[in-house]
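Peer 1: sequence below, structure please.
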Amino acid sequence: MQFLENLELGRVKLEFKEDFGRGDSIEVRVMKKNLRRENLKEVFRFETKGRKQVLRGENWILKRERKKRYTLFFSDKEPSDVAIENTLRFVLSQEYPENGGVLVHSSSACLGKCGVCFIGKSGSGKTTILKLFKKFKPLNDDLNLLFLSDEKPWIFPLPILSRNTFYPLIKADALFILNKSEKDEIKKIKKEDGLTEIVSCLPFLHFSPSNFKKGLKVLEKILDYAPVYRLYFSLNGKVEEKIFELIRV
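Peer 2: Next up is the predicted model:
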């Protein structure tokens, strides 16, 4: 977890620690505890206990104590990659709407300093499109954090610990809403239309109505700076050239 101790995105810092501090950073307290092993069909189960939110995994529990403070309980020798990855996902989704960012179901790629994000639900082709690229470098194919810093849109591809894979922070030059097709075509769409579709790809926010409203406002502001396109793509491998021409890397 060393790489997470000083994770900074924009003006926000996220830390994994042995105990809570007094700073203004987002903190996850990591504690070993004897837990009953759960037999779950899914990766985790979401629960509410009073006003507290809980993610319960097979051998780990993440509890939201209060704003910016979480506790991750684990029963093995150390927290599993699955526990850390889902902790990171949930914490970012809950805390970043107040800090100018939203977690999005998407894949990402970069070419030099240029970054692009492909947005869509499961089955939309987020992984498939990355496999078609020869020039662009594929990054995360599932979840990316979009946020503003100094009025510039950025993409933070979440790390995949099980593969020991970490990605660079990249500028968001374009956002694409994916549509599988027999042809390759890119169409610029209105901000309002992009907002409507991307909202359905924001994970975890439906757990909190207030966070959902904040996330919606943040996304609306991000779209003031990041152009949105509808991307129709086939499997012939030519879509990369159209993207290349559009952003003129």
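
Peer 1: buried stuff in stretch 225-234?
Peer 2: Within stretch 225-234, the residues that count as buried by 16 or more other Cβ atoms under 10 Å are 226-233. (C-beta placed from N, C-alpha, C; glycine too.)

Peer 1: report the separation between the closest residue to Leu143 other than its chain neighbours and Gln53.
Peer 2: In this structure, Leu143 finds its nearest non-sequential neighbour in Leu158, 4.9 Å apart by Cβ to Cβ, 6 or more residues apart in numbering. Counting by Cβ to Cβ, to the nearest Å, the gap from Leu158 to Gln53 is 20 Å.

Peer 1: check contacts around the residue nearest the centre of the chain.
Peer 2: Central residue of the chain (Cα atoms, centre = their mean): Asn144, 3.2 Å from the mean position. Contacts for Asn144 (Cβ atoms under 8 Å, 6 or more residues apart in numbering) come out as 103-104, 106-108, 117, 155-158.

Peer 1: now the buried members of the residues you listed.
Peer 2: Buried among these by 16+ other Cβ under 10 Å: 103-104, 106-108, 117, 155-158.

Peer 1: so can I have TSV of those showing pLDDT?
Peer 2: Shown next, in TSV, are these (pLDDT from 0 to 100):
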residue	pLDDT
Leu103	96
Val104	97
Ser106	98
Ser107	98
Ser108	98
Cys117	98
Ile155	96
Phe156	94
Pro157	94
Leu158	91
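
Peer 1: in the lowest-mean-pLDDT helix or strand in the chain, what's buried?
Peer 2: Of the helices and strands making up the chain, the lowest-confidence element is strand 7-9, at a mean of 75, by mean pLDDT, DSSP states H and E. Neighbour-count burial for strand 7-9 flags 7, 9 (criterion: 16+ other Cβ under 10 Å).

Peer 1: tell me the helix or strand right after it.
Peer 2: Reading on from strand 7-9 to the C-terminus, the next helix or strand found by DSSP states H and E is strand 12-17.

Peer 1: in its sheet, what does that following strand sit against?
Peer 2: strand 7-9 (antiparallel), strand 26-32 (parallel) (DSSP bridges).

Peer 1: in what helix or strand does Leu103 lie?
Peer 2: With DSSP H and E as the test, Leu103 turns up in strand 101-111.

Peer 1: okay, angle between that strand and strand 12-17 too, please.
Peer 2: Angle between the axes of strand 101-111 and strand 12-17 is 100 degrees (criterion: axes from the mean of the first three to the mean of the last three Cα atoms, to 10 degrees).

Peer 1: partner strands of strand 101-111, with direction?
Peer 2: Paired with strand 101-111 in the same sheet, following DSSP bridges, are strand 114-119 (antiparallel), strand 137-138 (antiparallel), strand 143-149 (antiparallel).

Peer 1: show me the contacts for the residue nearest to Leu143.
Peer 2: Counting by Cβ under 8 Å, 6+ apart, Leu158 has contacts 85, 88-89, 92, 140, 142-145, 167.

Peer 1: swap in 7 Å and give it another go.
Peer 2: 88-89, 140, 143-145 (Cβ atoms under 7 Å, 6 or more residues apart in numbering).
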